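S.K.: Test case, fold it:
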Amino acid sequence: MKKNIVRIAIVIPLYRAEKHIGAVLRGIPAYISHIVIVDDCSPDQSVEIVQNCSDARICLISHQTNQGVGGAVLTGYKKAVELGAEIIVKMDSDDQMDPAYLLSLLAPILTGQADYTKGNRFLHINELQNMPFIRRMGNAGLSFLTKVASGYWNIFDPTNGYTAIHSSITSLLETKKIHKRYFFESSMLIELGIIRAVIQDIHIPARYQDETSSLSEWKVLFEFPPLLLAGFMRRFFIQYFVRDFGIVSMLFLLGISFSLFGIIFGAYHWYLSSQLETPASTGTVMLAVLPLIMGFQLLIQALIADIQNIPMIPLQGNIKTLDKIRTMLG
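M.R.: Next up, the predicted model:
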């Protein structure tokens, strides 16, 4: 009897990687069916190195214009699906992602426990000790904001690009909303949150070498928070006002209403008091403070309810069941 072999593809966005791409390709295990390399207009000799590689699994795609890491990965996803891959792994071309951890990344998807897995460099204390304090604090802050925006309160290290996804999930993503450049990993989490995919963190330590990161801390500090805020508003509106209207929706609306009333009422009477040079009465102060306190309490309750609403049922199981039903019905 012929065994059912799961077809796994690795997508590698290629840009300025002539020093490392050869080592990356040599390290890819034999059980990987396809290696999709997307040349994102790399100006060095990276493409020539790939072309000189004799690995028959390699499929090289070249962009006519630079689209960023997100654009390259989405192109790779599309090609991997065309090749029949059931699981798609994303690896970078800088050799920081150790292929020895591929099985750990694949296992939750293969066993139907998750739709998407990602590396987490900080599940053990050693990784935290080797990172500068400022970067640790920055990563913690960015992780918290990403938790709020995506609804995945159980994950960390959002910028980690070592990921795997079940190919059936890619067709559910609204790819036009996925950021094409450095915000790609975080925007993927937001879009996965909108479709309610199940995500698992996998401990995978990074392998730092002589490469320099093109993503500066200042770029993250100033560019990511507005994008995360926009992602949160979109995710929250779709999840709690378009697809559902329940307790979280009511708590949020009441919390916003009470808070705004307290702020506006208090600011107005503070202005009157300053103009008339007379202190506001105790009752006026209480009418401003109490709705504000109540509003914040309701917003905190909405946040707690959102934390408890992390996706727990993988989508891939439902998709496989539907496919079997379609086959049975002809």
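
S.K.: where does the stretch 201-330 of the chain have low pLDDT?
M.R.: Scanning the stretch 201-330 of the chain for pLDDT under 70 picks out 207-219, 330.

S.K.: Please repeat the previous calculation with a cut-off of 90.
M.R.: Regions of the stretch 201-330 of the chain meeting the criterion pLDDT under 90 cover residues 204-224, 269, 271, 273-285, 317-330.

S.K.: How about the stretch 51-200 of the chain?
M.R.: For the stretch 51-200 of the chain, the ranges with pLDDT under 90 are 95-96, 121-143, 156-160, 181-182.

S.K.: Please, where are all the strands along it?
M.R.: Along the stretch 51-200 of the chain, counting by DSSP state E, counting those that start in this stretch, strands occupy 58-62, 87-90, 116-120, 163-166, 199-203.

S.K.: nearest to I12, of these?
M.R.: Among the strands of the stretch 51-200 of the chain, the nearest to I12 by CB to CB is strand 87-90 (7.9 Å). To be clear about C-beta, it is placed using only N, CA and C from the backbone, and glycine gets the same treatment.

S.K.: Tell me the strands beside that closest one, with direction?
M.R.: Applying DSSP bridges to the sheet, strand 87-90 is found paired with strand 8-14 (parallel), strand 163-166 (antiparallel).

S.K.: Reformat these as a markdown table; add mean neighbour count.
M.R.: Listed next are the strands paired with strand 87-90 as a markdown table, based on neighbours: other CB atoms under 10 Å:
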| stretch | mean neighbour count |
| --- | --- |
| strand 8-14 | 26 |
| strand 163-166 | 25 |
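
S.K.: how about those in JSON lines, adding distance to S150?
M.R.: Shown next, in JSON lines, are the strands paired with strand 87-90 (distance: least, CB to CB, whole Å):
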{"stretch": "strand 8-14", "distance to S150": "21"}
{"stretch": "strand 163-166", "distance to S150": "14"}
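
S.K.: Tell me how far the spatially most central residue of the chain lies from L292.
M.R.: The geometric centre of the chain, computed from its C-alpha atoms, lies nearest to L189 (CA atoms, centre = their mean), at 2.5 Å. When CB to CB, to the nearest Å is the yardstick, L189 and L292 sit 32 Å from each other.

S.K.: which residues are contacting stretch 174-192?
M.R.: Residues outside stretch 174-192 that contact it (CB atoms under 8 Å, 6 or more residues apart in numbering) are 67-71, 73-74, 115-116, 118, 146, 149-150, 152, 155, 158-161, 163, 169, 173, 194, 199, 215, 219-220, 223-224, 227-228, 231-232, 234-235.

S.K.: at 6 Å what do you get?
M.R.: Contact with stretch 174-192 is made by 67-71, 74, 116, 146, 149-150, 158-159, 161, 173, 215, 227, 231, 235, as judged by CB atoms under 6 Å, 6 or more residues apart in numbering.
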